[in-house]
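> Sharing a sequence plus its predicted fold:
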Amino acid sequence: MTAPAEPATTTDTRPVLLEARSVVKHFPIRTSQGKQVVQAVDGVSLQVRQGETLGLVGESGCGKSTLGRCLVRLIDVTSGQVFFDGLDITTMSRRALRSQRTGFQMIFQDPYASLNPRRRALATVEEPMRTHGMGTDQEIHDRAMHLLEVVGFDASFADRYPHEFSGGQRQRLGIARALAVQPRLLIADEPVSALDVSIQAQVLNLLADLQRDQRLTYVFIAHDLAVVHHIADRIGVMYLGELVELGDSSPVYTAPAHPYTEALLSAIPVIDADAEKRDRIVLVGDLPSPIDKPTGCAFHPRCQYAQDICRREKPVLQPLVDGRQVACHFPLVPTAAAPAPRTTPAV
Amino acid sequence: MSEPLLDVRNLRVSFRTRGGTVDAVDGISFSVGAGEVVGLVGESGSGKSVSMLSVLGLIDNPNCVVEGEVLFKGQDLLTLDDKALRRIRGQEIAMIFQDPMTALTPVYTAGWHISEQIRAHEKVTKKAALDRAVQLLDAVGIPNAKERVNSYPHQFSGGMRQRVVIAMALSCNPSLLIADEPTTALDVTIQAQILELLRDLQTEFGSSIVLITHDMGVVSQMSDRVLVMYGGRLAEAGPRREVMRDPLHPYTWGLMGSIPPTDGTRVERLAAIPGLPINPSDPDRDRCLFSTRCSFASDACRPQPDLVAHVPGHLDACVLPYDQRPALRLEATTPTGVRR
């Protein structure tokens, strides 16, 4: 299998667990202007290696959640392919897909909406195991009890209903259920953004512990770049359905190459005694509509560096010297092919 | 220092419930000076919103008892009748809520919302009020204000809607603006826009602002003074710079340690606060309420510690020896396993 769109400089030899190739998801809608198309995800290619965490970050409406759902085929793609462990799950029959589903599970933002309010905690965790016929009743029961313990509940919680749990506890219950079928990949869609800060930290720590102990692979979707940088090994920054920057966490965070990443980073409210002295890049305007995307680079109407070419020509993802990829005509970090004209002299 | 604009003294808000009385706000005192921005930080259930709602008499639950004094320009708001209070609300004190969609009536235009507010407090013609609305929409950075004044709430994006609500709040040039989580529902990029707008407007109009938030980062960007609330009480209060540089209360340490570092370092685990926020109906209240989650808790945390000013203006309610705090803070907030 050839690996497209991944920089040749990567030294990571871990096997690729999940791969998306030119994934497109369009939603046809009817409006007062007739039939239109929401271009939610517009040609995203990425790879996730076994044991790593890929963070997907972007504003609401950028298509990160839709992409997450496409990656586990909760919705069908319009075009493109998704490979899990080498198998194309986009064309697989429902029956075949079902047996694959134990390999990848999803955690949602609102744990209350994703839990059955009339099912007790233990039964909630047992259900996926029963669905997939993973052992005898006793084995399933024992494993469910074990999982509840893993996410930090003692036996007294087993008989409680979701409404008896706090937000953070519900999210932990959702994690326990996702782990029930022993998945190798977890897609977490904004798992902490509905939680209080102190509880957020607890859930992030739990996810980190689970990854270490169970060698899990994560795709972590969030709008908060600081949280994504904290948990992810690599970061993909999305804007209007496309990846604009993709690379290792530290360089993306400390020296963003795409002006949009730079602006996202600058918008994070930092705890700082002298915060008012910081120069911030404040983006003008809102995210444009994914129905009527701007010509050329989709970011150009909000970009402080936009030139004529940005309005005309759409930039493609190109590799940078450090192995990152960026879709920008004037990246803030030199590209592998030629030095960037606008930044400091190339390395 | 001149007399504060708002002086809250021993405010207590309790709700009668089937399980007994619940103290949502348990005797807090603070003041807001003219032109000052005060950040009120805490997690859900800490009483930060309830305390400000009760200041404006906006809690109409018959089982709610509000005690204490809320002096606004020397007048106790809690003793005012509804009619007198209505003259102050909207005109002297305005409020911005977290969800701009529920703060606006979906069947009326932005212009209607703003001009209604103006006409409720001032004798002006509809035409004049609408003209003011256009100016206000322009001032809060809504492009094409002349046309947008006729748009309905659903025709605005979340950030633009919050701008409409801010324009509405500023319409009578209030001397105090209470902003309850004004940016929590917004994207970070839009949050940055709204915070910048609030700061600019504050400089221009000179209003005082009480900013209610759960985000230490937002407070650090915006406020002159910080109040940290836990379990309906103040855990710490002081000038922003000092609270950010030398936070004194273990709860403040925990709040700061719970946020992933933003300076580029990556850690394995965050210095999270264990356990759950205190349940306001917990009857055992004669103690430090944070002691159930605090790694330094001891018998000394009982009875309830007083709010003490170790440094003038910087108060905290913790019994730990003051001179040992920096060392203990380091112990509490050092995240484990630095990755890179």
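Great, that's in hand.

> So for B:Glu122, what's the nearest residue that isn't a sequence neighbour?
What sits nearest to B:Glu122 in space, not counting adjacent residues and going by Cβ to Cβ, 6 or more residues apart in numbering or on different chains, is B:Cys172, at 7.2 Å. Where C-beta positions appear, they are placed from N, C-alpha and C, glycine not excepted.

> How many neighbouring residues does the one you found have?
Neighbour count for B:Cys172, taken as other Cβ atoms under 10 Å in any protein chain shown: 18.

> wait, it sits on B:Ile93?
No. Assessed by Cβ atoms under 8 Å, B:Cys172 is found out of contact with B:Ile93, at 10.0 Å.

> List the contacts of B:Arg87.
B:His121 (Cβ atoms under 8 Å, 6 or more residues apart in numbering or on different chains).

> center of chain B - which residue?
B:Ile212 (1.6 Å; Cα atoms, centre = their mean).

> May I have the phi/psi pair for that one?
Here is the backbone geometry of B:Ile212 (degrees, to the nearest 10): phi -90, psi 130.

> Test my guess that it contacts B:Ser46.
No. Using Cβ under 8 Å, B:Ile212 is not in contact with B:Ser46, being 10.0 Å away.

> can you pull out the strands in the stretch 101-250 of chain A?
Ranges of strands in the stretch 101-250 of chain A, per DSSP state E, counting those that start in this stretch, are A:104-107, A:185-189, A:217-222, A:234-239, A:242-248.

> Near chain A, which residues of the stretch 1-150 of chain B are found?
B:43-44 (Cβ under 8 Å from any Cβ of the partner chain).

> which regions of the stretch 1-150 of chain B sit below the pLDDT cut-off?
Residue ranges of the stretch 1-150 of chain B with pLDDT under 70: B:1-2.

> closest point of it to chain A, which residue?
At 4.2 Å from chain A, B:Glu43 is the closest residue in the stretch 1-150 of chain B, using Cβ to the nearest Cβ.

> pLDDT below threshold where in chain A?
A:1-11, A:275-278, A:337-347.

> Start from the middle of it and tell me which residue ends up furthest away.
Per Cα atoms, centre = their mean, the most distant residue from the centre of chain A is A:Gln138 (35.6 Å).

> Next, work out how far apart the closest residue to chain B within the stretch 1-150 of chain A and B:Gly158 are.
Among all residues of the stretch 1-150 of chain A, A:Glu59 sits closest to chain B, at 4.3 Å; criterion: Cβ to the nearest Cβ. In this view, A:Glu59 and B:Gly158 are 10 Å apart by Cβ to Cβ, to the nearest Å.

> One more: A:Leu179?
To B:Gly158, A:Leu179 is 34 Å away according to Cβ to Cβ.

> pull the longest helix from chain A.
Across chain A, the longest stretch assigned as helix under DSSP state H is helix A:197-214.

> related to what we said a few turns ago, the more surrounded of A:Leu179 and B:Gly158?
Higher neighbour count among A:Leu179 and B:Gly158: A:Leu179, with 22 against 17, using other Cβ under 10 Å.

> how about the helices of the chain, start to end?
The chain I'm using is chain A. Applying DSSP H to chain A gives helices spanning A:64-71, A:94-100, A:121-131, A:137-150, A:167-179, A:197-214, A:225-231, A:249-254, A:259-267, A:308-312.

> The intended chain is chain B.
Under DSSP H, chain B gives helices at B:48-55, B:82-88, B:100-103, B:110-121, B:126-139, B:145-148, B:158-170, B:188-205, B:216-222, B:240-245, B:250-257, B:325-333.

> who wins for proximity to A:Ile281 among the ones you listed?
Across the helices of chain B, A:Ile281 has its closest neighbour in helix B:188-205 (8.4 Å, Cβ to Cβ).

> coming back round to it: now list whatever residues contact both of A:Glu59 and B:Gly158.
B:187, B:190.

> Test my guess that B:Gly275 contacts B:Ser291.
No. When contacts are counted by Cβ under 8 Å, B:Gly275 is not listed as touching B:Ser291 (10.7 Å).

> more neighbours, the two?
Comparing B:Gly275 with B:Ser291 by other Cβ under 10 Å, the one with more neighbours is B:Ser291, at 20 against 13.

> Tell me how many other residues surround the closest residue to chain A within the stretch 101-250 of chain B.
Ranked by Cβ to the nearest Cβ, the top residue of the stretch 101-250 of chain B for proximity to chain A is B:Gly217, at 3.1 Å. Neighbourhood size, B:Gly217 [other Cβ under 10 Å]: 21.

> Might you report the residue contacts of it?
Counted by Cβ under 8 Å, 6+ apart, B:Gly217 has contacts A:268-271, B:259, B:262.

> could I get those as TSV with neighbour count?
Shown next, in TSV, are the contacts of B:Gly217 (neighbours: other Cβ atoms under 10 Å in any protein chain shown):
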residue	neighbour count
A:Ile268	21
A:Pro269	24
A:Val270	17
A:Ile271	20
B:Ile259	24
B:Thr262	18
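
> from the residues you listed, which is closest to B:Lys126?
Nearest to B:Lys126 among those, with distances taken as Cβ to Cβ, is A:Pro269, at 40.1 Å.

> Name the nearest residue to that closest one, sequence neighbours excluded.
B:Gly217 (3.1 Å).

> show me what contacts the residue nearest to the centre of chain B?
Contacts of B:Ile212 (Cβ under 8 Å, 6+ apart): B:40, B:48-49, B:52, B:178-181.

> Ok, B:Arg240 next?
Counted by Cβ under 8 Å, 6+ apart, B:Arg240 has contacts A:273, B:39, B:219-220, B:223-226.

> Out of those, which comes closest to A:Ile199?
B:Val219 (18.7 Å).

> per-residue pLDDT, that closest one?
pLDDT recorded at B:Val219 is 91.

> again with B:Pro280
pLDDT, B:Pro280: 83.

> tally of neighbours for A:Thr254?
A:Thr254: 13 neighbours (other Cβ under 10 Å).

> I'd say it and B:Asp263 touch.
No. Counting by Cβ under 8 Å, A:Thr254 does not reach B:Asp263; the two are 9.0 Å apart.

> shared neighbours, the two?
Shared contacts of A:Thr254 and B:Asp263, defined by Cβ under 8 Å, 6+ apart, are absent.

> For residue 39, list each beta-bridge partner.
All of this is about chain A. Beta bridges link A:Gln39 to A:His26, judged by DSSP bridges.

> look at chain B instead
Counting by DSSP bridges, the residues bridging with B:Gly39 are B:Leu211, B:Val226.

> Contacts only, for residue 167.
Reading this off chain A. Per Cβ under 8 Å, 6+ apart, neighbours of A:Gly167: A:111-112, A:194-196, A:199.

> try again with chain B
Contacts of B:Ala167 by Cβ under 8 Å, 6+ apart are B:110, B:114, B:133, B:136-137, B:139-140, B:142.
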